[in-house]
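Student: Sequence isn't available, so here's the structure alone:
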């Protein structure tokens, strides 16, 4: 779950969808070093709390975060091999435009800004470990599950003593 300074959308709940905070509270959290990553996105701040992420890593749990390229770079810089990045794209730019306009949560200008940003970010997918084209939700979820399973089986991630033949 992330901290964000953007207003709540209809149907969102504080503490469930995000932690909705003021700009001042976000700055306090940032200055206190409580964020693993953060960015200014479309005029608002958002960031991932450090503590739950580091607790999950220490306990060997998987964490899934929805972050932009700036956040992915920060996470990769902080957590190295513990970070696995997956870029998720819609099947086409037209599909993205249809999805954004269909949400009805932003005016035309905001949608155009998001579309420009999406084109910029799409050009960076080569920086990620994996790419999923989200044409079909069930297939995309199966691909995500396959990536998670493959990463869990990566030899460099296996806990000491898990490989019985290793001497």
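Tutor: Noted; the coordinates are in hand. This one's a predicted model, so the numbers in the text were calculated from it and none came from an experiment.
Student: you'd agree residue 53 is in a helix?
Tutor: Yes. Residue 53: assigned to a helix according to DSSP: H, G, I helix; E, B strand; the rest coil.
Student: sec struct for the residue nearest the centre of the chain, please.
Tutor: By CA atoms, centre = their mean, the mean C-alpha position of the chain lies nearest to residue 66, the distance being 2.1 Å. With three-state DSSP as the basis, residue 66 sits in coil.
Student: Grab the nearest non-local neighbour of it.
Tutor: Distances taken as CB to CB, 6 or more residues apart in numbering put residue 2 closest to residue 66, at 7.7 Å, once the chain neighbours are dropped. The way it works is simple: take the backbone N, C-alpha and C, and place the C-beta from them, glycine included.
Student: Residue 85 too?
Tutor: Spatial nearest neighbour of residue 85, chain neighbours left out: residue 128 (4.3 Å); criterion: CB to CB, 6+ apart.
Student: Could you do residue 50 as well?
Tutor: In this structure, residue 50 finds its nearest non-sequential neighbour in residue 36, 4.4 Å apart by CB to CB, 6+ apart.
Student: in a strand, that's where the one you found is, yeah?
Tutor: Yes. Assessed by three-state DSSP, residue 36 belongs to a strand.
Student: mind checking how far it is from residue 53?
Tutor: Per CB to CB, to the nearest Å, residue 36 is found 5 Å from residue 53.
Student: What of residue 5?
Tutor: 20 Å.
Student: Residue 29 too?
Tutor: Relative to residue 53, residue 29 is positioned 14 Å away (criterion: CB to CB).
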